[in-house]
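Engineer: Could you look at this predicted model? Sequence included:
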Amino acid sequence: MPELPEVEIVKQSLDKKITNKIIKKVIIRNRNFRIKIPPKFEELLTNKVIKKVSRFSKYVTLNFSDGSYCLIHLGMSGTIHLFDRTKKNKFTNTSFYSSQNLPKKHNHIEIQFDNIKIIYNDPRRFGFFQYIENQKKLEKRLHHLGPEPFSKLFNLKYIRKSFLNKKKNIKNFLIDQKFVSGIGNIYASEILFFCKINPFQKVINLNKDDYKKIVFFSREVLNKAIKKGGSSIRNFKNVSGKQGNYQKEFKVYFRENLQCLRNRCIGKIKKKVITNRSTFFCNKCQK
DNA sequence: AAGAGGCCCTGATAGC
DNA sequence: TGCTATCAGGGCCTCT
């Protein structure tokens, strides 16, 4: 579900609410995630103080004051709900495609503070919570990830080197977290639209001008999405709480058979599957 | 050894 | 108030 912008919104709202708070109690109702939650997890987290909440790529970390971490990934369907007793028992929704109310099922993880608790809901359980002892281990854990689009490491030289002698198409490159981290299936299509690059284009055929556009629009699209509060798709109905607005800006995603939105372009948006993932693009202006 | 494909899991929706 | 198939914003593992 969530790509970098959505995870950033979750991180921001969490950081605002739980920084400096002490974990009083942890409740695990289901331990079977992508990574199994070990029995000692609750004990390890209890009494920890949140120094701050951070994010790298699509991962959130609760940074504890003793130098340890809780690494969080939302997978495809994970949402975090924040319950604040000081605010007249109202839920503050830090998630993206659920209603303001807590879902009835799949509330697997609950972390309680004084007056505040967070509940992790994840129907498909592709996400995970993982305790990490120290910074060194965290770095090792995330070592396989490439730079974020915002990083100065994500530059023309890096792209040229990465594309050298590669036979993959550009769409698969953009969603490959080893190459650049944080871009998922939706934003990959959106970014390539702005670049006017066909998602099937083999990277070997791209030139320096294309590299520049890839860097520029990767940053631009993700930044805009963050500014708009991320994208909320699915469960459009009965969403009354906070939800993102970037889905209204989509140029190609979910727009199969509709008119291309580029000025004076007469193309239609096509949907094609690339390695099992839907990909959207204009058949005229993306070459 | 890069790259394609299967798989983890549940829920929503489309089509019959 | 049916079934059944397909698809979903991710990432890891296996096979070739």
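Structural biologist: Okay, I see it.
Engineer: who's in contact with the residue of the stretch 101-250 of chain A found nearest DNA strand C?
Structural biologist: For the stretch 101-250 of chain A, the residue closest to DNA strand C is A:G184, as judged by Cβ to the nearest atom of the strand, at 2.1 Å. Just so you know, the C-beta spots here come from the backbone N, C-alpha and C atoms, and that holds for glycine as well. Shown in contact with A:G184 (Cβ atoms under 8 Å, 6 or more residues apart in numbering): A:P2, A:E3, A:L4, A:K58, A:I175.
Engineer: Among those residues, which pair sits farthest apart?
Structural biologist: A:P2 and A:I175 (13.8 Å; Cβ to Cβ).
Engineer: Have a look at these two and say which one is more surrounded.
Structural biologist: Higher neighbour count among A:P2 and A:I175: A:P2, with 27 against 20, using other Cβ atoms under 10 Å.
Engineer: now the strands for chain A?
Structural biologist: For chain A, the strands defined by DSSP state E cover A:25-28, A:50-56, A:59-64, A:69-73, A:79-84, A:90-93, A:107-112, A:116-121, A:128-132, A:269-274, A:277-282.
Engineer: Please report how far the residue lying closest to A:V60 once chain neighbours are set aside lies from A:N121.
Structural biologist: Excluding the flanking residues, the one nearest A:V60 by Cβ to Cβ, 6 or more residues apart in numbering is A:I72, at 4.4 Å. According to Cβ to Cβ, to the nearest Å, A:I72 and A:N121 sit 13 Å apart.
Engineer: what is in contact with those two at once?
Structural biologist: With Cβ under 8 Å, 6+ apart, A:I72 and A:N121 have common neighbours A:I80.
Engineer: Show me which of the two is the more surrounded one.
Structural biologist: Higher neighbour count among A:I72 and A:N121: A:I72, with 24 against 21, using other Cβ under 10 Å.
Engineer: Which residues are in contact with that one?
Structural biologist: Contacts of A:I72 (Cβ under 8 Å, 6+ apart): A:Y59, A:V60, A:T61, A:L62, A:I80, A:Y120, A:G127, A:F128, A:F129, A:Q130.
Engineer: If it is in a bridge, with which residues?
Structural biologist: A:V60, A:F129 (DSSP bridges).
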